[in-house]
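Participant: sharing a model that was predicted from the sequence below.
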Amino acid sequence: MEYYCDFDAVAAAIDNMLGELIREHFNDMPPGEIETIREFVFRDFMHYLATRAGIYSWRKFSEFKARQRLCIYAERMWNRLWDIASEWFALWKIKWNQRVRLVFSEEEFKRATQSVRWSNELDKVLKKINLQEVKLFVISNLIRIGEVAGVEQIAEYLVRDEINSIVERVGPEKAVEMYKSGQLAARLLERVNSLKNTSDPLLLLKFDFSRIYPR
């Protein structure tokens, strides 16, 4: 009989572990802000572990199989997991401070994002590609170059922005062709690697910590 790993139980134990690190490093932060930070930390760390385990290199990604493999990986690594999390968290704090820009009002947010415009044809492409697979590809490569904070949000923005750029230049049909041929992945990999040359913020986070916006 195939071994079943209780992903929810392992995830809860990891969340508690990360909570200790957060309280240790952010002990002067208000509780509401700590909870928002904790959600980011948990999701970012789980993506980090999945990347370490080679899970995001799969084709035809299966969430159930991924959760099982990640669960088993975490169980096997448990005696080392605190050290791994502590080392990762030190980098996460640096990247969080570097890549997240706080805004304090709706007006400031609107000013900061007024240049962001999406093509009306963008959704046509997003519906015809395996968006999850593309995002996980970007997430794993962000982690590979040391971008470990807010990886879901950064990946979401990079994917949408790159596809939008292609759509505006050659149209949605050609954009889908570029996805199928691997050209989109190559362009996204180039975008990811270019982040090594900049220290600019990549995410806007409203000060009330109620919503998260990609740049």
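Facilitator: Cool, got the structure.
Participant: which stretches of the protein aren't confidently modelled?
Facilitator: When the per-residue scores of the chain are filtered using pLDDT under 70, the ranges that remain are 1-2, 58-59, 102-116, 206-215.
Participant: domain ranges for it?
Facilitator: Domain assignment for the chain, taken from automatic domain parsing, gives 7-102, 106-214.
Participant: redo those domains as CSV? Include mean neighbour count.
Facilitator: Placement of C-beta: from N, CA and C, glycine included. Formatted as CSV, the entries for these read as follows, by neighbours: other C-beta atoms under 10 Å:
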stretch, mean neighbour count
domain 7-102, 15
domain 106-214, 16
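Participant: which strand or helix spans Leu204?
Facilitator: Under DSSP states H and E, the secondary-structure element containing Leu204 is strand 203-206.
Participant: any chance you could map the strands in this structure?
Facilitator: Using DSSP state E, the strands assigned to the chain run over residues 100-103, 203-206, 212-214.
Participant: I'd guessed Tyr157 sits against Leu202; true?
Facilitator: Yes. Counting by C-beta atoms under 8 Å, a contact exists between Tyr157 and Leu202, whose distance comes to 7.3 Å.
Participant: show me where this structure has its helices.
Facilitator: 7-25, 31-52, 63-76, 78-99, 106-113, 122-126, 131-144, 151-170, 172-181, 183-194 (DSSP state H).
Participant: gap between Ala85 and Gly150?
Facilitator: 17 Å (C-beta to C-beta, to the nearest Å).
Participant: and if you look at Leu91?
Facilitator: Counting by C-beta to C-beta, the gap between Leu91 and Gly150 amounts to 13 Å.
Participant: torsion angles phi and psi at Asp6?
Facilitator: In this entry, Asp6 is assigned phi and psi values of phi -80, psi 90 (degrees, to the nearest 10).
Participant: skipping its backbone neighbours, what lies nearest it in space?
Facilitator: Cys71 (7.0 Å; C-beta to C-beta, 6 or more residues apart in numbering).
Participant: surely that neighbour meets Ala13?
Facilitator: No. Contact criterion C-beta under 8 Å: Cys71 and Ala13 do not qualify, at 10.5 Å.
Participant: find residues that contact each of those two.
Facilitator: By the contact definition C-beta atoms under 8 Å, 6 or more residues apart in numbering, Cys71 and Ala13 are jointly contacted by no residue.
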